[in-house]
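> sequence-free structure coming up:
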């Protein structure tokens, strides 16, 4: 197991180097110039432009800029935002809990609905439920997040008035964040009404962000379950006279879950990508929106360090999934 | 220690929660997060709404809803006959805000004024550079040419400040009403410097404005309370909240649902829905802006005014504006400056649509092909450069001119477009900074702006003489005459095709009173009230 783990970690190093290059190159490949973006319509006189280029270090050869960046990141210095002048890591630490909280709820929502729905569809293969579930899953998977989010806001918040339009909590509640997770903070303060307000604000963004993972998990669970259900040992279990619930719940499910866990792990990057749009529509103060705004401002420092931090998280999650995978399926460890 | 902090935070929360019930709260759905709260260091309209227009005041202010300059922290001022020395007399007894992070021991005085400007240009000032914040650029201070015109700021006595210029510059007074000219507290700066917490100056602002800063949750909510010591009297609303809502449709839904009281910049597509709702009012005003298309006047045959006029006449401007601005509407531009600005000459008219006349002139001049520039960005004065380019292309095709559309990303677009030898017609526009005509005429068409923001590379001696003369005299009647003459020359020479001045909108709930649209595009909450 330890060797397996070390192998996995060793593989992360070249990935990490690759990511620093991609993050660094990506923002520079975008058309646009951070200095001109800052100057706005005023434009900037050529002499002043050169002066600013020097001040920001953009006049250095590209490899030197990269070496500087890697050197700083290696010592834990993620730089200072060009536009807000705040350290990138501080902004990240403030905003990340909001993204994590939303992603957590979206994932729980997707799993709670997706896994049972997938099992049921597999068991009732070919039934109207199976057919309509798979059809709906396909629609859910292809749903443009922006459109879907606005549709839900207009219907549930605008027309029915059931949910708040956006934000994380009603504006009347105001407290200093402790953990940054609103659900936890309101409970620490013992404010039940505020806690309920947080949950009400979570409903729509959770549904919007959870829709694609839900569709993917439901489909994956169904196909994994179908495969397992046709295995010999399932037939043997049934032949032994075990109840259908026990065969599916114990014998089949455990094996079917192996590919599902991998799928769930892979959905983490989908969630972070989805967060970009979901956070923009729902005014959710997370890292997705932060990245979008930084790209439009050509804030090189935030974009390159933000991408790196996000990539680090995705890599960490994938590592955890790999480990979990090995725990569930002992054959992997041996290989 | 941590426990104490938590307890204190809980107490704070409890006190705010209990105090909230009776307080009058105004919620503004702002369009973006502020970069920070020091208006000297930022450039965005949303940055200024959140800092300079709420927390700070200036020596002079723009009249609410207009562009005329009126007294601010300075009750009165004198300008020397040679236009070189401005003497400001400060309002006595103005208090800086008292918050949990700063308790002022003295009133506003001349030291604060001198410090507010000195920090923006004096490299010796510790607040000018990296000691305060990394990579400071002071964009507006340099952008408004302040280093060129300001010789020195001096304290005469506690309540008198003297500004000496290097040469007469009439727009200077209007510059001092701009956001970057907000007056900050030297006492607060000194205290932070002593405590080694200089960066707090940009995150925990202290000013003399109508509201004082309470809290900012990054990218989410900004909270202010009415400044009880405001020198023009405490505001009627007790708490002001900015709910940061970047998506325009979501912003409007929030106002309709009663979660916000005021929201700016609705989508043109939502204008119909807003007008149909009985709980809200759609406020509009002609923006202090101009959308136009610059011809490079140095490259034949565009160097001939008659050719430029003919190209203008070939464009069906009315149809173009209708297609671009749709329900949002826009005022066709007759002049470079908008009708809301002083010195606007109502007798000057833009070229009328006359394709037949145009065709002949263009054929005689031998103009068969032209480059037509477009970018990807939505601007207040032109919501769709590409669509505009396609429509103009079609109009020009009708008079025998084949236009090739040239596309670039926005920042590259401008850096390529301003080059002296850039060929063809270049779509661009401008939103005014300070309501002074100089900010349009000189910024966009002075000879010295060639290569910076004079996209026509147009340098006309008569026009230049007039605008330079107008810059040097501080008599407004005299300046008006000079600018009127300049407008006549501009219309005759036609260095550009003038498109439109767009409308600016805000959605306001019916129980809010006293909110005014501002031609400068700022959102002010002083004087606003809300019925329960």
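Structure received. All of these numbers come straight from a predicted model, not from anything done at the bench.
> Dihedrals phi and psi, residue 165?
Just so you know, I chose chain A. Dihedral pair for residue A:165: phi -60, psi -50, per degrees, to the nearest 10.
> should've been chain B
Residue torsions, per degrees, to the nearest 10, at residue B:165 are phi -100, psi 160.
> now the one 4 residues further on
Backbone dihedrals for residue B:169, given as degrees, to the nearest 10, come out at phi -150, psi 90.
> ditto for residue B:331
Here is the backbone geometry of residue B:331 (degrees, to the nearest 10): phi -90, psi 120.
> Test my guess that residue B:255 contacts residue B:506.
No. Applying C-beta atoms under 8 Å, one finds residue B:255 not in contact with residue B:506, separated by 9.5 Å. No exception for glycine: its C-beta is placed from N, CA and C like everyone else's.
> the more surrounded of those two?
Applying other C-beta atoms under 10 Å in any protein chain shown to residue B:255 and residue B:506 shows that residue B:255 carries more neighbours, namely 26 against 21.
> Which of the helices or strands spans the more buried one?
helix B:248-256 (DSSP states H and E).
> Quick check: residues of the stretch 201-335 of chain A near chain B?
A:280, A:281, A:282, A:283, A:285, A:286, A:289, A:290, A:293, A:298 (C-beta under 8 Å from any C-beta of the partner chain).
> For these, pick the one with the most neighbours.
Using other C-beta under 10 Å as the neighbour criterion, residue A:282 leads these with 30 neighbours.
> re earlier: grab the two from the residues of the stretch 201-335 of chain A next to chain B that are most spread out in space.
A:282 and A:298 (25.0 Å; C-beta to C-beta).
> circling back to that earlier point, same for the helix holding residue B:255, what does it pack against?
Helix B:248-256 sits against strand B:25-30, strand B:262-264, helix B:271-276, strand B:496-509, with contacts defined as 3 or more C-beta pairs under 8 Å, 6 or more residues apart in numbering or on different chains; DSSP states H and E.
> Which pLDDT value does the model give residue B:196?
The per-residue pLDDT reported for residue B:196 equals 95.
> count of residues packed around it?
Quick note: residue B:196 (other C-beta under 10 Å) scores 8 neighbours.
> Where does the record place the domain boundaries for chain B?
Taking the TED database as the domain assignment, the ranges for chain B are B:23-56+B:209-287+B:505-531, B:57-96+B:106-186, B:289-501.
> How about chain A?
As given by the TED database, the domain ranges for chain A are A:1-75, A:89-332.
> now the residue positioned nearest the centre of chain B, nearest residue through space, not along the chain?
Chain B has residue B:433 as the residue nearest its centroid, 4.1 Å off, counting by C-alpha atoms, centre = their mean. The shortest distance from residue B:433 to any non-neighbouring residue, by C-beta to C-beta, 6 or more residues apart in numbering or on different chains, is to residue B:439 (5.3 Å).
> Check residue B:36 too.
Excluding the flanking residues, the one nearest residue B:36 by C-beta to C-beta, 6+ apart is residue B:202, at 4.1 Å.
> Does the one you found touch residue B:47 like I think?
No. Using C-beta under 8 Å as the test, residue B:202 is too far from residue B:47 to be in contact (10.7 Å).
> what do these two both touch?
Common contacts of residue B:202 and residue B:47 (C-beta atoms under 8 Å, 6 or more residues apart in numbering or on different chains): residue B:36.
> Now the stretch 351-500 of chain B against chain A: closest residue?
Residue nearest to chain A within the stretch 351-500 of chain B (C-beta to the nearest C-beta): residue B:409, separated by 3.5 Å.
> how close does the nearest residue to that residue once chain neighbours are set aside sit to residue B:412?
Nearest residue to residue B:409 in three dimensions, chain neighbours excluded: residue A:31, at 3.5 Å (C-beta to C-beta, 6+ apart). Taking C-beta to C-beta, to the nearest Å as the measure, residue A:31 falls 5 Å from residue B:412.
> contacting residues for residue B:510?
Residue B:510 neighbours (C-beta under 8 Å, 6+ apart): B:278, B:279, B:280, B:281.
> now that we have the residues you listed, which one has the most neighbours?
Ranking these using other C-beta under 10 Å puts residue B:280 first, with 23 neighbours.
> can you redo the domains of chain A as CSV with distance to residue A:83 and mean pLDDT?
Output for these, formatted as CSV (distance: least, C-beta to C-beta, whole Å; pLDDT from 0 to 100):
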stretch, distance to residue A:83, mean pLDDT
domain A:1-75, 7, 82
domain A:89-332, 5, 89
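> Just name the most buried of those.
Across the domains of chain A, averaging neighbours per residue (mean count of other C-beta atoms under 10 Å in any protein chain shown) puts domain A:89-332 on top, at a mean of 19.
> Can you show me the strands along chain A?
Applying DSSP state E to chain A gives no strands.
> So which of the residues of the stretch 201-335 of chain A next to chain B are in helices?
Among those, the ones falling in helices (DSSP state H) are A:280, A:281, A:289, A:290, A:293.
> wait, what's in contact with the residue lying closest to the third one once chain neighbours are set aside?
In this case it means residue A:289. Distance criterion C-beta to C-beta, 6+ apart; nearest residue to residue A:289, sequence neighbours excluded, is residue A:279 at 4.0 Å. By C-beta under 8 Å, 6+ apart, the contact list for residue A:279 reads A:98, A:99, A:102, A:205, A:285, A:286, A:288, A:289.
> Likewise for residue A:199?
Counting by C-beta under 8 Å, 6+ apart, residue A:199 touches residue A:183.
> So which residues on the stretch 51-200 of chain B come close to chain A?
Looking at chain A, the residues of the stretch 51-200 of chain B close enough under C-beta under 8 Å from any C-beta are B:133, B:134, B:135, B:136, B:137, B:139, B:142, B:143, B:199.
> right, and the pair among those with maximum separation?
By the measure C-beta to C-beta, those have their two most distant members at B:143 and B:199, which lie 23.8 Å apart.
> where along the stretch 201-350 of chain B do the helices fall?
Here the stretch 201-350 of chain B has its helices, by DSSP state H, counting those that start in this stretch, at B:248-256, B:271-276, B:305-313, B:317-325.
> quick one: average pLDDT of the last one?
Looking at helix B:317-325 alone, the average pLDDT works out to 92.
> Just the buried residues of it, please?
B:317, B:320, B:321, B:324, B:325 (16 or more other C-beta atoms under 10 Å in any protein chain shown).
> mind putting those residues in a markdown table, distance to residue B:362 included?
Below are the buried residues of helix B:317-325 laid out as a markdown table (distance: C-beta to C-beta, whole Å):
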| residue | distance to residue B:362 |
| --- | --- |
| B:317 | 17 |
| B:320 | 18 |
| B:321 | 23 |
| B:324 | 24 |
| B:325 | 27 |
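> Report the helix or strand with the lowest average pLDDT across chain B.
helix B:2-20 (a mean of 43; mean pLDDT, DSSP states H and E).
> Name the residues of the stretch 251-400 of chain B found near chain A, please.
Applying C-beta under 8 Å from any C-beta, we find that the stretch 251-400 of chain B lies next to chain A at B:253, B:254, B:256, B:257, B:259.
> who wins for neighbours among those?
Using other C-beta under 10 Å as the neighbour criterion, residue B:254 leads those with 27 neighbours.
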